[in-house]
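Trainee: Give me a model of this one.
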Amino acid sequence: MKNNEEINNRELIGYDEIYKKLIALYKKDVLPNKILLSGNRGIGKSLFAKCFINNILSNQMNGAAYNLIDDNILGLNKFANQNFFHIDIQSNKKFIEIDQIRDLILKSQKQSMNFLPRFILIDNTDKLNKNASNALLKILEEPY
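Mentor: Numbering: from 1, shown residues only. Modelled structure (predicted):
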């Protein structure tokens, strides 16, 4: 069981350089359209990705500059945004299922009304079931 200090720790440590590099690539319009972050569980990959996505969507939606170091990570914009899709294991399941990938495909095919970039964050990819994994590979290979 995690202690309260571990659960409430929302400070990103060690991501400053990669954050700056990715933002620079984005500003130059040469950011790759697929980025894979890998590493041990619990090192902040998902939180880092959410901060990076929040930066881009916040800047373009309301012009508010977002600073990874100075801003309160708990104050992230809500990701109830048509430009952000987050896939993870549902609370009552053991695996990411094909229905979640189908829903992602349907949502991603709809045109965005605001013409902002779209982001898909998939947590726990090692928990994709076989069908979900195959469907995901297909959309990665043949994007719409």
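
Trainee: Give me the next element, helix or strand, following the longest helix anywhere in the chain.
Mentor: With secondary structure taken from DSSP state H, the chain has its longest helix at helix 45-62. Counting by DSSP states H and E, the next helix or strand C-terminal to helix 45-62 is strand 84-87.

Trainee: packing partners for that next one?
Mentor: When contacts are defined as 3 or more C-beta pairs under 8 Å, 6 or more residues apart in numbering; DSSP states H and E, strand 84-87 sits against helix 98-109, strand 119-122. Glycine gets a C-beta too; all of them are placed from N, C-alpha and C.

Trainee: Could you rerun that using 6 Å?
Mentor: Strand 84-87 is packed against strand 119-122, with contacts defined by 3 or more C-beta pairs under 6 Å, 6 or more residues apart in numbering; DSSP states H and E.

Trainee: Give me the contacts around the strand it packs on.
Mentor: Here strand 119-122 makes contact (C-beta atoms under 6 Å, 6 or more residues apart in numbering) with 49, 53, 84-87.

Trainee: Of those residues - the most surrounded one?
Mentor: Counting neighbours by other C-beta atoms under 10 Å, the top entry in these is residue 53, with 22 neighbours.

Trainee: Distance check, the residue nearest to that one when sequence neighbours are not counted against residue 55.
Mentor: Once flanking residues are discounted, residue 53 sits nearest to residue 119: 4.6 Å by C-beta to C-beta, 6 or more residues apart in numbering. As for residue 119, its distance to residue 55 is 11 Å (criterion: C-beta to C-beta, to the nearest Å).
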